[in-house]
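> predicted model follows, preceded by the sequence.
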Amino acid sequence: MSPPAIAHRLLVVDDEPDLRRLYELTLRRAGYLVESAESLAEARLRLGSATYDGVVTDMRLPDGLGTELVREVTRAHPSSRIIVITAYGSTENAVEALKAGAFDYLTKPVDLDRFRGAIAAALASRAEAPARASAAAAAAPESRQETAGATAALARIVGRSPVMVAVRQRIERVARSMAPVLILGEAGTGKELAARALHACSHRCDGPFVAVDCGAVAEHRFEAEFFGSCQDSPQGPGRDQPGFFQAASGGTLFLDAIDELPPASQARLLRAIQERRMRARGSSTEQQIDVRLISASRDKLGQAVQQGRFRHDLYYLLNVIEIRMPALRERREDLNDLASALLQRLCQDSGLPQPRLSERALAWLQRHPLPGNLRELENILHHGLAMGVRESLQPEDLYEARPWSGNAADRGSVAPRGAGGGDDAEAERLNELKRYLDETERRVLDQALRSGDSDLAQAASRLGLNPGQLQYRLQRLGLSPGPGNR
């Protein structure tokens, strides 16, 4: 490792003389200015008379816990970054340290390469904060969100409602550490957008962002997909297949639909996160894990824990910091801005001129329940863009996107174009259409299941769904994955 351009000042706190000297020597060789303390009391004296760019502290000290020091440093010196060293298997202590404000944690015995890397990452995170703030301050108010990749990513999280302002502020605040983040929210609320913004705002923004749909990973493929596979032969090394953890090394691993992981896969994931090590399938050696972990789930993950469908210890480890993405019904005041932003992107992608959303169309959207949230709103606008022939989108352009989503009272005065007769005739036509679409979907699902010998994972993959989505459709249509399917 080359010496840092600036000689950062670090404080090492450990009561074991041999380990303390090892950490000091390692850091000095890397070009840092290092001081040390053997207790909480001595560390407090040093922190009272000097400011340190980083602090490395053992969790268990003769006169208290390292988490006490983490809280005090975070409160008194918010620009300092803290690394906590815990005993092997002390996951609860590590999680508490991250919640208290630690940048990262290491487990004993400490790997010195990882130790140096964690210090460098922590100090890089510290250096980025003022630079980002200066860039934002130098920009005009209306263009501050475009001053850097981080703010551009935040700008995609559209909304001026108080709840969305709070979401963006929380993303900026928690992005600076390595603490795992759990993003909760209904389907279509923008959980992956939030994860990408967290990555873009972090010191790992130049590294890869790897998104994984956990519901699409079959249980028997878990180890190969997550940890990779190593194929050796007598003639020499075979072709290695990297897993998600290797692909995301140095960056962020986003585990979407984490609640859909089977119990056995949950146990394997827990062990890898706890130990920060993994072994590729077919390999005899372990590798260090170097990823920032972000997970996402529906709001009911806590309920899954209570019901025993999701491991409590894994939930505790993933939910160090929680971010909740609100449903559209909780922020109706953002609907106009959201629709405009989505229309702009859709028109850019398709090369079409951007129409205006009429007042009547916006009023219809405000009345529409939008249970699918942003995903449903985008679908409605996409349909309206394809069907509209005017400079402004009208309610009838949008309504056709969800012809049977509500009754006449929900629709107000809006009716599909070309509709004749009364409400009864219209309702009958819509019911016929729904029956036709259900029967078509039933045939497609039946065929996919028969082709895959009733294997849900294979059938879901063939249809471009995850197993949970396929199961929902089977239940809705009265099908079962077994022989005969009905």
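Great, that's in hand. Residues are numbered from 1 along each chain as shown.

> how much space between Ile273 and Ser202?
18 Å (CB to CB, to the nearest Å). Placement of C-beta: from N, CA and C, glycine included.

> more neighbours, the two?
Applying other CB atoms under 10 Å to Ile273 and Ser202 shows that Ser202 carries more neighbours, namely 25 against 19.

> how far away is the more buried one from Arg292?
6 Å.

> what do the two both touch?
Counting by CB atoms under 8 Å, 6 or more residues apart in numbering, the contacts common to Ser202 and Arg292 are Thr252.

> got phi/psi on Thr86?
phi -120, psi 160 (degrees, to the nearest 10).

> my guess is it contacts Pro109. True?
No - in this structure Thr86 lies outside contact range of Pro109 using CB atoms under 8 Å: 11.6 Å.

> which of these two has more neighbours?
Thr86 (21 against 8).

> specify the beta-bridge partners of that one.
On the basis of DSSP bridges, Thr86 is bridged to Thr107.

> repeat for Ala211
The partner residues for Ala211, given DSSP bridges, come to Phe254.

> work out for me the element the spatially most central residue of the chain sits within.
In the chain, the centroid-proximal residue (CA atoms, centre = their mean) is Ala195; its distance is 3.6 Å. Element membership of Ala195 [criterion: DSSP states H and E] is helix 191-201.

> who touches that helix?
149-150, 152-154, 156-157, 167-168, 171-172, 174-176, 181, 183-185, 205, 209, 211, 251-252, 254, 256, 292, 294, 296, 323, 325.

> just stretch 58-69 next, same as before
13-16, 19, 38-41, 43-44, 55, 57, 82, 84-87, 90, 93-94, 96-97, 100.

> report the buried members of these.
13-15, 19, 38, 40, 43-44, 55, 57, 82, 84-86, 90, 93-94, 96-97, 100 (16 or more other CB atoms under 10 Å).

> just the ones of the residues you listed in helices?
Judged by DSSP state H, the subset of those located in helices is 19, 40, 43-44, 93-94, 96-97, 100.

> show me where the stretch 151-300 of the chain has strands.
181-184, 209-213, 232-233, 236-237, 252-256, 277-278, 287-288, 292-297 (DSSP state E, counting those that start in this stretch).

> mind putting these into TSV with mean pLDDT?
As requested, the strands of the stretch 151-300 of the chain are exported to TSV (pLDDT from 0 to 100):
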stretch	mean pLDDT
strand 181-184	97
strand 209-213	96
strand 232-233	50
strand 236-237	48
strand 252-256	97
strand 277-278	90
strand 287-288	89
strand 292-297	97
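
> ok, which of the ones you listed comes nearest Arg462?
strand 209-213 (15.2 Å; CB to CB).

> check which helices and strands the closest one sits against.
For strand 209-213, the packing partners by 3 or more CB pairs under 8 Å, 6 or more residues apart in numbering; DSSP states H and E come out as helix 191-201, helix 244-247, strand 252-256.

> between those, which gets nearest to Glu330?
Closest to Glu330 of the helices and strands packed on strand 209-213 is helix 191-201 (CB to CB; 14.8 Å).

> what angle do the closest one and strand 209-213 make?
160 degrees (axes from the mean of the first three to the mean of the last three CA atoms, to 10 degrees).

> give me the number of residues near Phe254?
Phe254, neighbours per other CB under 10 Å, totals 28.

> apologies, that question was intended for Thr26.
With other CB under 10 Å as criterion, Thr26 counts 19.

> what's the nearest residue to Asp334 once chain neighbours are set aside in contact with, if anything?
Sequence neighbours aside, Gly159 is the residue nearest to Asp334 in space, at 3.8 Å (criterion: CB to CB, 6 or more residues apart in numbering). Neighbouring residues of Gly159 by CB under 8 Å, 6+ apart: 165, 331, 334, 337-338.

> okay, Gly159: pLDDT?
At Gly159, the pLDDT value in this model is 94.

> hmm, Glu391 is touching Leu352, no?
No - distance between Glu391 and Leu352: 11.9 Å, which falls outside the contact criterion (CB under 8 Å).

> more neighbours: which of those two?
Leu352 (13 against 10).

> the more buried one: what's it in contact with?
Here Leu352 is in contact with 346, 385 (CB under 8 Å, 6+ apart).

> what score does Ile83 have for pLDDT?
Confidence score, pLDDT, at Ile83: 97.
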